[in-house]
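Undergrad: can you look at this prediction? I've put the sequence above it.
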Amino acid sequence: MQKPNERLKNQTAIVTGSSTGIGAAVALALGRDGANVVVNYHSSEEEAQEVADQINKESLCGEAIIVQCDVSKEEEVQAMFKRTIEKFGTVDILVANSGLQKDAALHEMTLKDWQTVIDVNLTGQFLCAREAIREFMRRGMREDVSKALGKIIHMSSVHQVIPWAGHANYAASKGALKMLMESICQEYAPLKIRCNSIAPGAIKTDINKDAWETESALQELYKVIPYKRIGVPEDVGDTAAWLASDESDYINGTTLFVDGGMTCYPGFTTNG
């Protein structure tokens, strides 16, 4: 975890799906760096409030509030942005983090489970990015707080490039998200909007507890991680805070893999 600083002072960030896990770590990191933070949640109000309370306690200059929103619903996304603008005046940073899994072998996967994952992991990111861009363009440059008109960070996955049997809906959503992010960059970089992705590998959260809670499971996981440690949410949070700051101003249209080298395919160290 980085030490608190003010590199995001006077900026406002929306972090979707930030009541727990990676999203919570991102929200906390942005808050520690001085941003106002909207902690978005779908159903975990109590956990979202705990994240906001921690930001309000630790932040040097920012403030946090919680806002409920299902990112797959257009009207709810628009309401979240409206609430944020009413409270803080504008939005400078979007971290589109919300995502879920509905796993099954492809021949057993229901259309509902396919559509639910696409709706949240891809359509939700489109809806949030669209509202962010609309607000950036409406508001105009704020050169006193950032070199960019606005910053969008999509939360992707190593599975935007690594196929994942039994998780076709999830992998498909992340592969498509890469093209969404790069297309946004290509279209809006001339307006000084920055759009990038973070692609976590194995991160220690409750959603993948079976992969790390025992020593034998952890050793099995290390076979696909050259760095021989599992990531923690703060690894992603610190990356997001830096990527949202002017320190990374010339980075645009890029995916940053936070994966300990997983995408280097360590299985090929012995020629596959």
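TA: Yep, that arrived. Source: prediction; values computed, not measured.
Undergrad: show me the contacts for S245.
TA: Shown in contact with S245 (Cβ atoms under 8 Å, 6 or more residues apart in numbering): R7, L8, D33. Every residue, glycine included, has its C-beta placed from N, CA and C.
Undergrad: repeat that with 6 Å
TA: Neighbour list for S245: R7 [criterion: Cβ atoms under 6 Å, 6 or more residues apart in numbering].
Undergrad: and the pLDDT at it?
TA: On pLDDT, S245 comes in at 98.
Undergrad: for D33, see how far away it is.
TA: Going from S245 to D33 by Cβ to Cβ, to the nearest Å gives 7 Å.
Undergrad: V145 too?
TA: Distance from V145 to D33, counting by Cβ to Cβ: 12 Å.
Undergrad: more neighbours: the two, which one.
TA: D33 (28 against 16; other Cβ atoms under 10 Å).
Undergrad: for the more buried one, which non-adjacent residue is closest in space?
TA: L8 (4.2 Å; Cβ to Cβ, 6 or more residues apart in numbering).
Undergrad: count of residues packed around that neighbour?
TA: L8: 29 neighbours (other Cβ under 10 Å).
Undergrad: how about the secondary structure of it?
TA: The local conformation at L8, judged by DSSP: H, G, I helix; E, B strand; the rest coil, is coil.
Undergrad: give the contact list for it.
TA: Here L8 is in contact with D33, G34, A35 (Cβ under 6 Å, 6+ apart).
Undergrad: now, which of these lie within helices?
TA: Secondary structure from DSSP state H places none of the contacts of L8 in helices.
Undergrad: need those residues in a markdown table with distance to T239 and pLDDT, can you?
TA: Formatted as a markdown table, the contacts of L8 follow (distance: Cβ to Cβ, whole Å; pLDDT from 0 to 100):
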| residue | distance to T239 | pLDDT |
| --- | --- | --- |
| D33 | 12 | 96 |
| G34 | 17 | 96 |
| A35 | 15 | 97 |
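Undergrad: okay, the residues you listed in TSV with distance to S43 next?
TA: As requested, the contacts of L8 are arranged in TSV below (distance: Cβ to Cβ, whole Å):
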residue	distance to S43
D33	28
G34	29
A35	25
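Undergrad: out of these, which comes closest to Q49?
TA: Q49 lies nearest to A35 out of the contacts of L8, by Cβ to Cβ, at 18.1 Å.
Undergrad: just give the nearest non-adjacent residue to the closest one, would you?
TA: Once flanking residues are discounted, A35 sits nearest to L8: 3.9 Å by Cβ to Cβ, 6+ apart.
Undergrad: how about the helices in the protein?
TA: Using DSSP H, the helices of the chain run over 21-32, 45-58, 74-88, 111-118, 124-139, 168-188, 215-222, 233-243.
Undergrad: just how off-centre is the longest one within its chain?
TA: Taking the mean C-alpha point of helix 168-188 and that of its whole chain, the gap between them comes to 13 Å (Cα atoms, centre = their mean, to the nearest Å).
Undergrad: chain center to the top strand by length along the chain: distance?
TA: Secondary structure of the chain per DSSP state E: the longest strand is strand 193-200. Taking Cα atoms, centre = their mean, one finds the center of strand 193-200 at 8 Å from the center of the full chain.
Undergrad: helices or strands up against that strand?
TA: strand 150-155, helix 168-188, helix 233-243, strand 255-258 (3 or more Cβ pairs under 6 Å, 6 or more residues apart in numbering; DSSP states H and E).
Undergrad: quick check: buried residues in the longest one?
TA: Going back to what we said before, that points to helix 168-188. 168-178, 180-182, 184-185, 188 (16 or more other Cβ atoms under 10 Å).
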